[in-house]
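**Student:** model this:
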Amino acid sequence: MSERERFSFTSSDMRLIWGGVLILLGLGFLLQNLGIFDIFGLIPESLWTVFWIGAFGSAGALFLVGLWLNRENWWMAIPGFMLLGLSATIFTDEILTGFPFSGSIFLGSISLAFITVYVMNREHWWAIIPGGVLFTLSVVAGLDEVSGWETGGIFFFGLAATFALVALSPATARGKMTWAWIPAGVLFALAVVTTASVEGLINILWPLVLVAVGGALLYRNYLRTGKE
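**Tutor:** Have a look, this model is predicted:
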């Protein structure tokens, strides 16, 4: 028996463990918010910060350990990376004061969770969409913090790339994901419109129109040749 099989958990075991973890975290939040822990003034705010960083980080790590022990529990990647991201966000906000990317870290951690779900099982193609959207939001949030760039176009480019990845996923070979090219194209057009000035937009669009017309002519010629 392998080590992974020896320490694997049943679904019932995992529900008990994670249910207990969530109850303890919830009770801890409740008691803190009610001020019960602060009655005697024994616990300073700085220690609470360290406590929640450790609590969320440990809970996230437990989820990822459960995922490693049983890859069929792919859903554990989502709370695992979310809790680790929340721990890192508290750390950057409260300890690394002035660090501008705490929002990006949290969004990026959730994105990483969905990307992990897809990498572990390519049948879960749907995970590409929230993974790509959240990664795009993470990049946009980071750029908003450190630059004065107009990020609307970047947002639409990221969404277009997300749906393009869906269309290019292995499921396309079975003819299931070709629909994703439609939102990818619409979002790409919105990205171009958002980022380009009127004059620049015209300079971009007319060559694309020529390319599209030429491609349509070649495609029609290909169809006619195939019929002959």
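
**Student:** mind jotting down where the helices sit in this protein?
**Tutor:** For the chain, the helices defined by DSSP state H cover 3-6, 11-33, 45-69, 77-94, 102-120, 128-146, 152-168, 181-195, 198-227.

**Student:** turn the ones you listed into TSV, including mean neighbour count and mean pLDDT.
**Tutor:** Just so you know, the C-beta spots here come from the backbone N, C-alpha and C atoms, and that holds for glycine as well. Formatted as TSV, those follow (neighbours: other CB atoms under 10 Å; pLDDT from 0 to 100):
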stretch	mean neighbour count	mean pLDDT
helix 3-6	9	47
helix 11-33	12	71
helix 45-69	17	84
helix 77-94	21	89
helix 102-120	21	89
helix 128-146	19	87
helix 152-168	19	86
helix 181-195	16	83
helix 198-227	10	63
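
**Student:** how close does the residue positioned nearest the centre of the chain sit to Ala212?
**Tutor:** Residue closest to the mean C-alpha point of the chain, counted by CA atoms, centre = their mean, is Ser111 at 1.6 Å. Distance, Ser111 to Ala212, using CB to CB, to the nearest Å: 33 Å.

**Student:** okay, now the domains of this structure?
**Tutor:** 1-131, 150-218 (automatic domain parsing).

**Student:** so which of those domains gets nearest Gly142?
**Tutor:** Nearest to Gly142 among those is domain 1-131; the distance by CB to CB comes to 4.0 Å.

**Student:** contacts for stretch 89-103, please.
**Tutor:** Contacts to stretch 89-103, defined as CB atoms under 8 Å, 6 or more residues apart in numbering, come from residues Thr49, Trp52, Ile53, Phe56, Ala88, Ile105, Phe106, Ser138, Ala141, Gly142, Glu145, Val146.

**Student:** what's the span of it, first residue to last?
**Tutor:** Criterion CA to CA, to the nearest Å; first-to-last residue distance in stretch 89-103 is 7 Å.

**Student:** just how off-centre is that stretch within its chain?
**Tutor:** 19 Å (CA atoms, centre = their mean, to the nearest Å).

**Student:** and stretch 165-185, by the same measure?
**Tutor:** Distance, centroid of stretch 165-185 to centroid of chain: 19 Å (CA atoms, centre = their mean).
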